[in-house]
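Trainee: Show me how the following folds:
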Amino acid sequence: MSEVTITPSQIPEFLKASIVHKFTCLFTGMPGIGKTEIVTETGRELLGNTKDIRLSQLDPVDLMGVPQVVDGRTRFAVPDLLPNVDRDGKTGLLILDEVLDAATAVLTGGQQLILERRVGSYIMPDGWHIVAMGNKKEHGGINRGLSAPLKDRFAHAEVIVDASEIITYFIKKGADTIVTSFLKSHSDLIHQLPEKGGSWAKPTPRSWYKLSQVRQGNPSDSIRFQLYASLVGEGVAAEFISHEKIADQVPDPEDCIKNPMKTMIPENPSAKYAIAVGLAHWINVDNMGNVMKYLGRLPSEYAVTSIMEARKIKPEIQDTPEFGQWAMDNVDIVLG
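Mentor: Here you go, the predicted structure:
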């Protein structure tokens, strides 16, 4: 059974509810989509302080504390990495990251901390709240599993990639405009998981933002491709560099949809192809009419490319009157 899904923009409200009503969230999702950054920012806004502990990197003693003999009794020294009121403040958010990748012995201590708000000799300050995060096996995580009591304690939510949200977030953060224009027309390349035996470098929101920073640094042509490829992979880097060369000639897909009869038509064939493919990722049942108006101003081969690609991505557009009319006018292509 799949988990409840939320988008990155819904994390703050979800987390706020968990703090107010005193329950613990477990946010899962693909790596590199901004989960940790958003949770950290929200924790600081709501509680003033945050601490991030990556359970996959810990040994059991790191969380439980080193055993010591005091007055003939064994006690565990309080680990320095856990929240301390004098040092870290009276309120805050403790982020237990990579929970699903933690070793079983480490997770035993983590479970006690989550269930009982204590571990060893340590007691969690009342003003501190816990949130857990992780990547499932299908998202590239190790996923050693959780006990039934621990699963039952969490409110589970899977954070999914939302292309429009990520692009809007990039724009707010001052990301390079060529990067955002590329992602608008290639939303399927915003996030991809590494393939087994393939390159480790794959596009994620995190790697795209790093590429944006690299591009703003104006790297030399001699190393540009290698820098891009090291972040998003060779194939995607090559596509992006092709986009760079014609980016100033390609209209914004949103402009094409809002003003299909007034938005410019590129003169360069590569730019025509770029906007045709870009619009294929923006077409939906609501804007199909306007998209078709713009595509109708392009040479027919570009419109065919766009529509045939779009129906693979969103088959539901085939139920629209606009697609029906186009299919009747191009029956050989549709049946072929």
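Trainee: Okay, now the unreliable bits of this protein?
Mentor: 1-2, 139-142, 196-198, 332-336 (pLDDT under 70).
Trainee: so what are the domain limits for it?
Mentor: Following automatic domain parsing, one gets these domains for the chain: 4-159, 163-335.
Trainee: what's the first-to-last distance across the shortest one?
Mentor: Yep, that's domain 4-159 we're talking about. Terminal residues of domain 4-159 lie 9 Å apart, using Cα to Cα, to the nearest Å.
Trainee: Leaving out chain neighbours, which residue sits closest to Ser199?
Mentor: In this structure, Ser199 finds its nearest non-sequential neighbour in Gly233, 5.0 Å apart by Cβ to Cβ, 6 or more residues apart in numbering. All C-beta spots, glycine's among them, are computed from the backbone N, C-alpha and C.
Trainee: Surely the one you found is in contact with Ala201?
Mentor: Yes - look at Gly233 against Ala201 with Cβ atoms under 8 Å: they come within range, at 4.6 Å.
Trainee: Looking at these two, which one has more neighbours?
Mentor: A count of neighbours by other Cβ atoms under 10 Å puts Gly233 above the other of Gly233 and Ala201, at 22 against 17.
Trainee: For the more buried one, give me its contacts.
Mentor: 192, 199, 201-203 (Cβ atoms under 8 Å, 6 or more residues apart in numbering).
Trainee: how does it look with 6 Å?
Mentor: For Gly233, the contact set (Cβ atoms under 6 Å, 6 or more residues apart in numbering) comprises 199, 201-202.
Trainee: And the residue nearest to Ser199, how close does it get to His191?
Mentor: Distance check for Gly233 against His191: by Cβ to Cβ, to the nearest Å, it reads 12 Å.
Trainee: intersection of neighbour lists for those two?
Mentor: Counting by Cβ under 6 Å, 6+ apart, nothing touches both Gly233 and His191.
Trainee: which residues does Ser207 contact?
Mentor: With contact set as Cβ under 6 Å, 6+ apart, Ser207 has these partners: 231-232.
Trainee: and it, that's in a strand?
Mentor: No - under DSSP: H, G, I helix; E, B strand; the rest coil, Ser207 sits outside any strand and is assigned helix.
Trainee: how about the helices of the stretch 151-300 of the chain, start to end?
Mentor: In order along the chain, the stretch 151-300 of the chain carries the following helices (DSSP state H, counting those that start in this stretch): 163-172, 177-185, 205-216, 221-232, 234-246, 253-258, 269-280, 288-295, 300-313.
Trainee: Throw these into CSV and include distance to Ala103, thanks.
Mentor: As requested, the helices of the stretch 151-300 of the chain are exported to CSV (distance: least, Cβ to Cβ, whole Å):
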stretch, distance to Ala103
helix 163-172, 32
helix 177-185, 37
helix 205-216, 25
helix 221-232, 30
helix 234-246, 34
helix 253-258, 46
helix 269-280, 45
helix 288-295, 51
helix 300-313, 41
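Trainee: Out of those helices, which gets nearest to Phe76?
Mentor: Among the helices of the stretch 151-300 of the chain, helix 205-216 comes nearest to Phe76, with 36.2 Å by Cβ to Cβ.
Trainee: Please report the distance of Leu221 from Lys258.
Mentor: Careful, residue 221 is Asp and not Leu. Taking Cβ to Cβ, one finds Asp221 at 36 Å from Lys258.
Trainee: Of these two, which one has the most company?
Mentor: Lys258 (13 against 7).
Trainee: so how far is Tyr294 from that one?
Mentor: In terms of Cβ to Cβ, Lys258 sits 10 Å off from Tyr294.
Trainee: likewise Asp86?
Mentor: 62 Å.
Trainee: Can you pick out the residue with more neighbours from the two?
Mentor: Tyr294 (25 against 6).
Trainee: Could you check how many residues crowd around the nearest residue in space to the more buried one that is not next to it in sequence?
Mentor: Distance criterion Cβ to Cβ, 6+ apart; nearest residue to Tyr294, sequence neighbours excluded, is Pro260 at 3.9 Å. The local packing of Pro260 (other Cβ under 10 Å) involves 19 other residues.
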